[in-house]
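[1] Give me a model of this one.
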Amino acid sequence: MYCTKCGKEVMENSVICPNCGSSVKRKETGTQYLRWLILGCALVSIIATFMPAVTFMGESISFMSDLQDMRAEGIGIIIISIVAGLLGYFKKGRMCSFIPALFNVYVVYHDLSPVIEYGASWGIGAILIMLSNLVIIVGSIMGIVKFVQEKKNPLH
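    A predicted model of the protein is given here:
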């Protein structure tokens, strides 16, 4: 690694350049991709509310269909997905983005499981909402692990 001010080579774990004394900026260790992963999954979750949530007897119903209850749930999923995405954008907020994602998974499962018991099948929208929010949960857990690792070893 090289000092950005004087150009001299410095050791990988250096905080200050031994040649010129300026602070050496460390790269963010692998957390940038978590930001885009969580934001991308939140966007997928929002888009999926407009896709079929369930299919029953040849008819597909999305969360944004004309049914009043489904539309309210769809709007709730969109709002909660935006919250998860915004939390995922910030490093410390990323550790909390699992909370709205868990809520979305619960809402989709709780609302659709009675319909599924009557013979409806999961639609692509519901599947995408569930999967994208599960990925947000995993990304949030990875953010927590990274945060704890950085606290244990501040030079990394």
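[2] Flag the shaky bits of this protein, pLDDT-wise.
    1, 25-31, 153-156 (pLDDT under 70).
[3] Nearest to the spatial middle of it, which residue is it?
    Nearest to the mean C-alpha position of the chain, counting by CA atoms, centre = their mean, stands residue 38 at 2.5 Å.
[4] Excluding covalently adjacent residues, which one is nearest to the residue lying farthest from the centre of the chain?
    Largest separation from the mean C-alpha position in the chain: residue 19, at 41.4 Å (CA atoms, centre = their mean). By the measure of CB to CB, 6 or more residues apart in numbering, the closest residue to residue 19 outside its immediate chain neighbours is residue 8, 4.3 Å from it. All C-beta spots, glycine's among them, are computed from the backbone N, C-alpha and C.
[5] Next, count neighbours for residue 108.
    25 (other CB atoms under 10 Å).
[6] repeat for residue 23
    12.
[7] And it, how far from residue 94?
    25 Å (CB to CB, to the nearest Å).
[8] returning to what we had before: my reading is that the residue nearest to the centre of the chain lies in a helix. Confirm?
    Yes - Residue 38 sits within a helix when classified using DSSP: H, G, I helix; E, B strand; the rest coil.
[9] quick one, what contacts it?
    84, 85, 87, 88, 89, 94, 97, 136, 139, 140 (CB atoms under 8 Å, 6 or more residues apart in numbering).
[10] Could you rerun that using 10 Å?
    84-89, 93-94, 97-98, 101, 132, 135-140, 142-143 (CB atoms under 10 Å, 6 or more residues apart in numbering).
[11] repeat for residue 73
    49, 53, 63, 64, 67, 107, 108, 110, 111, 112 are the contacts of residue 73 under CB under 10 Å, 6+ apart.
[12] Could you do residue 103 as well?
    76, 77, 80, 81, 83, 84, 133.
[13] So it: helix, strand or coil?
    helix.
[14] going forward, begin numbering at 404 instead of 1
    Sure, I'll start numbering at 404, so the last one becomes residue 506.
[15] ok, it to residue 483 distance?
    In terms of CB to CB, residue 506 sits 6 Å off from residue 483.
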